[in-house]
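K.L.:
Fold the following for me, if possible:
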Amino acid sequence: MREKVTINDVARLAGVSKRTVSRVLNESPVVAKSSREKVQRIISELGYQPNPQARGLAASRSYLIGLVYDNPDPFFMESVIRGISSVCIEKGYELVIRPSDRTDPNLVDQVINFVSRAQIDGVILPPPISEMDAIAEELEANGVPCVRLAAAQIDEPHRLVISDERSGAKQMTEYLINSGHSRIGYISGPKGLKSTWERREGYLDALRSHDLEVDPDLLIRGAYTFESGVKAGRELLGAPQRPTAIFASNDQMAIGVVNAARELGLTVPADLSVAGFDDHELAAQIIPSLTTIRRPVQLMATLAAQKLIATIDGHHDAASDDCVLNPELVLRDSTAPIS
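P.N.:
Numbering: from 1, shown residues only. Predicted coordinates for the structure are as follows:
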């Protein structure tokens, strides 16, 4: 078996130092043209594939991107990882994943220790970790760039990619209103999250813009779980004047509402329209398939990785562009006009 080609082999055959090879790999302008061409020729002849540590010699980088998360939804995290990984592969970085517990009082110190031990070049923070200002501020204080995925403007543009979830929730509510529904139940997320606030405000914006009364009895607090959707659905559907549509602020709760409706002998959508938010993988698989709002999670993660690497590379102008993405209404079988 042929031995793996190393940076030492390239340096020896090119007659240069390992640092010079690393500078060529990092496209440093300080390398003479003749040396650059010789190193590039040897790399091509040997089929050398640099590893992140070797590339870091010249640039004082590890070529490692950290992902710190605390999100129980595996489908969401799969999309995030896929989006970041596509950029890492293109740019020659590696992704290091660090699960966390946002309720841990020592989390900020844990994140900084992780970054220090692993020599992470930059960090991407998805929600709900991204909403913790203390982590972003401490990373910045330690000279570690980060980019946050969020539902609202919570930071400077170079550190932020936004999904406009308020407009997404308004779009869904207006669709239900235009389908003839005026009593629309709403199940919010847990207290304290930006997504909970933004989605609820979108729902309320739509009611107000159509001069519909905001009935507090139609607003129920959920927890972004199937079980909380079942519980909220039972409460809304057990009322003397039940809603004709229920908009749950995530798909797992919406699926719980469908379950609660079946328990009561109601048919979706003939007796009740049900809508969700996120376009969870299960949304297209349940019966009836779920009308929802699709968040562009993978694209958000891709843009976040591009922003982060641009910042690491010193291309601050490229990283400073506003990134606000609009969610998409996805119509399926769980909603229908009032007949």
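K.L.:
Okay, buried residues for stretch 108-118 please.
P.N.:
Within stretch 108-118, the residues scored as buried using 16 or more other Cβ atoms under 10 Å are 108, 111-112, 114-115. All C-beta atoms are positioned from the backbone trio N, CA, C, and that covers glycine.
K.L.:
between those, which is nearest residue 24?
P.N.:
residue 115 (28.0 Å; Cβ to Cβ).
K.L.:
who touches the closest one in this structure?
P.N.:
Shown in contact with residue 115 (Cβ atoms under 8 Å, 6 or more residues apart in numbering): 66, 123, 139, 142, 144.
K.L.:
which pair in those residues spans the largest distance?
P.N.:
66 and 142 (12.4 Å).
K.L.:
Tell me which of the contacts of residue 115 has the lowest pLDDT.
P.N.:
Among the contacts of residue 115, residue 142 carries the lowest pLDDT, at 83.
K.L.:
Pretty sure that residue sits against residue 112.
P.N.:
Yes. Counting by Cβ atoms under 8 Å, residue 112 is a contact partner of residue 142 at 6.1 Å.
K.L.:
sorry, back to before: can I get the buried part of the contacts of residue 115 as one PyMOL selection?
P.N.:
To isolate the buried members of those in PyMOL, using 16+ other Cβ under 10 Å:
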select buried, resi 66+123+139+144
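K.L.:
In strands only, show me the contacts of residue 115.
P.N.:
Judged by DSSP state E, the subset of the contacts of residue 115 located in strands is 66, 123.
K.L.:
and of the contacts of residue 115, the nearest to residue 77?
P.N.:
For those, the nearest to residue 77 is residue 66 (14.3 Å; Cβ to Cβ).
K.L.:
quick revisit: quick one: which of the contacts of residue 115 is nearest to residue 199?
P.N.:
Set against residue 199, the nearest of the contacts of residue 115 by Cβ to Cβ is residue 123 (26.0 Å).
K.L.:
how about the closest one, what does it touch?
P.N.:
Counting by Cβ under 8 Å, 6+ apart, the residues that residue 123 touches are 65-68, 111, 115, 139, 144-147, 308.
K.L.:
didn't residue 110 look like it was pressed against residue 100?
P.N.:
Yes. At 6.9 Å, residue 110 counts as touching residue 100 under the criterion of Cβ under 8 Å.
K.L.:
In the chain, where's the longest helix?
P.N.:
helix 74-91 (DSSP state H).
K.L.:
Next, the angle helix 74-91 makes with the next helix or strand after that one.
P.N.:
Using DSSP states H and E, the helix or strand that follows helix 74-91 in sequence is strand 94-99. For strand 94-99 against helix 74-91, the angle by axes from the mean of the first three to the mean of the last three Cα atoms, to 10 degrees is 160 degrees.
K.L.:
circling back to that earlier point, mind putting the contacts of residue 115 in a markdown table, distance to residue 173 included?
P.N.:
Below are the contacts of residue 115 laid out as a markdown table (distance: Cβ to Cβ, whole Å):
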| residue | distance to residue 173 |
| --- | --- |
| 66 | 37 |
| 123 | 35 |
| 139 | 36 |
| 142 | 42 |
| 144 | 40 |
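K.L.:
I'd like to know which of the contacts of residue 115 is nearest to residue 95.
P.N.:
residue 66 (8.0 Å).
K.L.:
Right, I'll call it a day here.
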